[in-house]
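> Any chance you could fold what I've pasted below:
(one chain, ligands or ions: 3)
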Amino acid sequence: MEKIEKVAREAALRAGELQKSRVGKVKSLDYKSAFNIVTDVDKASEALIIETIKASFPHDAFLAEESGAESGKQESERRWIIDPLDGTTNFAHSYPFFCVSIGVEEKGEMVLGVVYNAIASEIFVASRGQGATLNGEKISVSNRTTLDTSLLATGFPPDTLKSVHHNMDSFRTITNMCHGVRRDGSAALDLCFVASGRLDGFWERKLAPWDVAAGSLIVREAGGKVTNLEDGPLDMASGHILATNGKIHDEVVKALAHSIAAK
Ligand code: IPD
Ligand code: CA
Ligand code: CA
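Numbers count the residues shown, from 1 in each chain. Ligands and ions are numbered 1, 2, ... in the order given. Below is the predicted model:
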């Protein structure tokens with residue numbers, strides 16, 4: 001695991017530094033759909049990450065946002081799940097809240113998560129059973145026990161209002177039940193903020209595996225709870241996720257159910 005962590009850190013740091021150097025200098029911006037953008041820096045970051053990993057682990061499998069799935073040689077059974085730049089919209093507007101997210105799965109289980117925010121020089125790392133760290137210091141989720149004293153975050157799919165999963169009802173309901181609900185635009189960093197106690201909870205619908213792979217392990221290793229929105233097991237393919245400090249989890253599950261039922 002030491003070598004895997006070293007390589008994951010190195011890949012995240014290299015891509016993060018590239019992103020930092022390119023803020024405000026986007027060369028090309030394409031649309032995946034009406035409001036879902038991708039820049040040359042997303043693609044360059046992903047190439048750099050994969051090149052760095054392949055130099056040490058040429059037989060591994062990959063699932064990466066911009067280049068898709070690549071199967072590895074069977075003997076490896078390891079898969080790297082990569083969001084090269086989580087928070088592309090922020091990045092494209094020079095809004096300083098974006099990161100690199102790299103998760104490593106072995107035999108279907110997340111074993112390592114690395115999330116790097118180059119602008120803040122913050123690297124979040126968790127390795128299964130070893131706890132979670134921020135810049136090498138142990139982190140843990142908050143101790144808040146009630147929703148009405150909590151700060152949460154959420155996000156919205158790029159096709160927000162057209163989607164049945166548009167999340168506006170839940171956003172309105174929960175905003176009225178707590179200190180506030182932030183929408184910062186990087187799901188991986190939102191999860192790390194839950195892990196480090198800056199947020200007490202985060203939920204979102206329709207995320208992709210690369211948005212949550214690393215961050216979900218980091219929350220769990222920091223003592224938090226990660227499920228789907230109904231308190232069932234997280235399914236990275238459906239991407240409906242609720243991550244909290246554990247103590248407010250049931251309250252948020254109930255509030256989400258109420259917001260949907262009240263539609
Ligand atoms: C997006 C961010 C955002 C979330 C979107 C994601 P991207 O990822 O994580 O916070 O609300 O649903 O698609 O496109 O910037 O990698
Ligand atoms: Ca993402
Ligand atoms: Ca991305």
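> Name the residue of the stretch 101-250 of the chain that lies nearest to ligand 2.
Nearest residue of the stretch 101-250 of the chain to ligand 2, counting by C-beta to the ion: residue 211, 4.2 Å away. Bear in mind the C-beta positions are built from the backbone N, C-alpha and C, glycine included.
> can I assume that residue is in contact with residue 85?
No: with contacts defined as C-beta atoms under 8 Å, residue 211 does not count as touching residue 85, sitting 11.5 Å away.
> Name the next helix or strand following the lengthiest helix in the chain along the chain.
Among all segments of the chain classified by DSSP state H, the helix with the greatest residue count is helix 2-21. Reading on from helix 2-21 to the C-terminus, the next helix or strand found by DSSP states H and E is strand 29-33.
> And that next one, what does it pack against?
Using 3 or more C-beta pairs under 8 Å, 6 or more residues apart in numbering; DSSP states H and E as the contact criterion, the secondary-structure elements in contact with strand 29-33 are strand 36-39.
> What strands line up against the strand it packs on, and which way round?
Each strand that strand 36-39 pairs with, and the sense of that pairing, follows from DSSP bridges: strand 29-33 (antiparallel).
> Run through who's touching the partner strand.
Where contact means C-beta atoms under 8 Å, 6 or more residues apart in numbering, the residues beyond strand 29-33 that reach it are 37, 38, 39, 40, 92, 158, 159.
> nearest to ligand 1, of those?
Within the contacts of strand 29-33, distances to ligand 1 taken as C-beta to the nearest ligand atom reach their minimum at residue 158, with 6.3 Å.
> Identify the spatial nearest neighbour of the residue in the stretch 51-200 of the chain that ligand 1 sits nearest to, chain neighbours not counted.
With C-beta to the nearest ligand atom as the measure, residue 155 is the residue of the stretch 51-200 of the chain nearest to ligand 1, at 2.7 Å. Spatial nearest neighbour of residue 155, excluding adjacent residues (C-beta to C-beta, 6 or more residues apart in numbering): residue 204 at 4.3 Å.
> just residue 139 next, same as before
Closest residue to residue 139 apart from its sequence neighbours, by C-beta to C-beta, 6+ apart: residue 196 at 4.4 Å.
> interface residues of the stretch 151-263 of the chain facing ligand 1?
Residues of the stretch 151-263 of the chain found near ligand 1 (C-beta under 6 Å from any ligand atom) are 155, 156, 157, 185, 186, 187, 204, 207, 211.
> where do the helices sit along the stretch 151-263 of the chain?
Counting by DSSP state H, counting those that start in this stretch, the stretch 151-263 of the chain has these helices, from start to end: 168-175, 187-195, 209-221, 249-261.
> relative orientation of the first one and helix 249-261 in degrees?
Relative orientation of helix 168-175 and helix 249-261, computed by axes from the mean of the first three to the mean of the last three C-alpha atoms, to 10 degrees: 140 degrees.
> from the middle of its chain, how far away would helix 168-175 be?
Helix 168-175 has its C-alpha centroid displaced from the chain centroid by 21 Å (C-alpha atoms, centre = their mean, to the nearest Å).
> what's it packed up against?
Using 3+ C-beta pairs under 8 Å, 6+ apart as the contact criterion, the secondary-structure elements in contact with helix 168-175 are strand 151-154, strand 180-182, helix 249-261.
> measure the spatially most central residue of the chain to residue 208 for me?
With distances taken as C-alpha atoms, centre = their mean, the chain has residue 188 as the residue nearest its mean C-alpha position (2.0 Å). In this structure, residue 188 lies at 11 Å from residue 208, with C-beta to C-beta, to the nearest Å as the measure.
> Report the set of residues contacting both of these two.
Contacts common to residue 188 and residue 208, judged by C-beta under 8 Å, 6+ apart, are residue 83.
> Do I have it right that residue 89 meets residue 184?
No: the pair formed by residue 89 and residue 184 falls short of the contact definition of C-beta under 8 Å, at 10.8 Å.
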